[in-house]
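Enquirer: here is a sequence with its predicted model. Questions after.
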Amino acid sequence: MPYYILVTEQEVEVYTTREMLTIAEINEVIGSEAVPANFQIVEELSFSDTSIVMLCDADAVSKELQPTCLTQNGDIVCGQVLILATDKSPDNLCLLNVRQAKLVKEELKLYPKPVKPEHDFSASLWDID
């Protein structure tokens, strides 16, 4: 069964589907509930298998979406990221096979999340004498 992978701020999910996603479905998966997306392919090589591509919202920066993952070059990709494959040309998107899905799981570099302190040391102005 073919696969696609969705990377969000919280998790990496592998999905199976019998048919390739439509452009509208891709934009819906990448977008947030309130803001529609227009997908773009991340141009930098992100995996050792160059037929695997990352898709993200073309307007991620202007929408101030949070960092999600990194390319092999260390470039930051923001917002929800959809990972698919290409077939013969970069414009011909297709689903991942088992080998590609495993490769993504091994090579995917998530953006490091800030560590929250155990204790909140912030103070209110009312606490200061």
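Expert: Sure, I can see it. Computed from a predicted structure; not experimentally measured.

Enquirer: pull out the buried positions in stretch 64-80.
Expert: 65, 68-71, 77-80 (16 or more other C-beta atoms under 10 Å). All C-beta spots, glycine's among them, are computed from the backbone N, C-alpha and C.

Enquirer: in strands, which of those fall?
Expert: 68-70, 77-78 (DSSP state E).

Enquirer: thinking again about what came up before, between the buried residues of stretch 64-80, which sits nearest residue 9?
Expert: Nearest to residue 9 among those: residue 68, at 6.1 Å, using C-beta to C-beta.

Enquirer: which residues are in contact with the closest one?
Expert: 7-9, 56, 77-81, 110-111 (C-beta atoms under 8 Å, 6 or more residues apart in numbering).

Enquirer: at 7 Å instead, please
Expert: 7-9, 77-81, 111 (C-beta atoms under 7 Å, 6 or more residues apart in numbering).

Enquirer: okay if I get those as TSV plus pLDDT and distance to residue 49?
Expert: Below are the contacts of residue 68 laid out as TSV (pLDDT from 0 to 100; distance: C-beta to C-beta, whole Å):
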residue	pLDDT	distance to residue 49
7	94	17
8	90	22
9	84	25
77	92	17
78	92	23
79	91	23
80	92	22
81	94	16
111	92	21
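
Enquirer: backbone dihedrals for residue 103, please?
Expert: Main-chain dihedrals, residue 103, degrees, to the nearest 10: phi -60, psi -40.
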